[in-house]
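# Return atomic coordinates for the entry below.
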Amino acid sequence: MRSILLPATAYFLAVFVVGMVLGTLRVLVLEPSIGRLSATLLELPVILSVSWWVCRAVMARFAVAAEPSPRLAVGGLAFLLVMGAEFSLGVFGFGLTPKQYLQAFGAPGPLLGLAGQLAFAAFPWVQLPRRR
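Numbering: from 1, shown residues only. Presented below is the predicted three-dimensional model:
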């Protein structure tokens with residue numbers, strides 16, 4: 001369990017911190033001038049690039065086995081951590097009800113963000129070295 005918990009937590013924390021900075025810039029700078037969906041479309045490739053790089057570094061740093069099961073477990077746990085953190089931030093930080101938080105996923109911007117988070121979760125598995 002420890003071999004999954006530490007890399008998943010490191011992966012989540014590093015990307016979440018960058019995501020908080022980018023999200024703040026998106027909401028305060030981009031969204032007022034170009035709208036939520038366009039701002040998300042600009043942010044998404046940046047955070048996915050950061051996620052890809054961080055994932056590669058974390059997998060190497062923690063020597064996560066080059067096998068599907070541990071890589072899927074790391075990505076899945078990191079995904080649960082990011083979703084839990086975003087839910088908590090929305091409910092406790094911004095005063096949303098759980099229903100309001102979930103309803104937001106009916107809009108294109110948040111749905112696109114969720115797709116990015118699913119890609120984030122898949123990166124540890126996608127980066128598996130391919131055997132010939």
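# And L22, how far from V54?
According to C-beta to C-beta, to the nearest Å, L22 stands 13 Å off from V54. Where you see a C-beta, it was placed from the backbone N, CA and C, and this is true even at glycine.
# who's more crowded, the two?
Between L22 and V54, V54 has the larger neighbour count (other C-beta atoms under 10 Å), namely 21 against 17.
# which residues sit in contact with V126?
In this structure, V126 makes contact with no residue, judged by C-beta atoms under 8 Å, 6 or more residues apart in numbering.
# Model confidence score at it, please.
Note on V126: pLDDT of 97.
# Look up how far V17 lies from it.
Counting by C-beta to C-beta, the separation of V126 from V17 is 22 Å.
# burial count for L102?
L102 has 13 nearby residues by other C-beta under 10 Å.
# my bad, G23
G23 has 18 neighbouring residues, counting by other C-beta under 10 Å.
# Same check on L28?
Counted with other C-beta under 10 Å, the neighbours of L28 add up to 9.
# what about it, which SS state?
With DSSP: H, G, I helix; E, B strand; the rest coil as the basis, the three-state label of L28 is helix.
# what residues are up against it?
Contacts for L28 (C-beta under 8 Å, 6+ apart) come out as none.
# Tell me the spacing between it and L37.
17 Å.
# cool, and K99?
As judged by C-beta to C-beta, K99 and L37 stand 22 Å apart.
# Give me the distance between the two termini of stretch 58-75.
End-to-end distance for stretch 58-75, by C-alpha to C-alpha, to the nearest Å: 11 Å.
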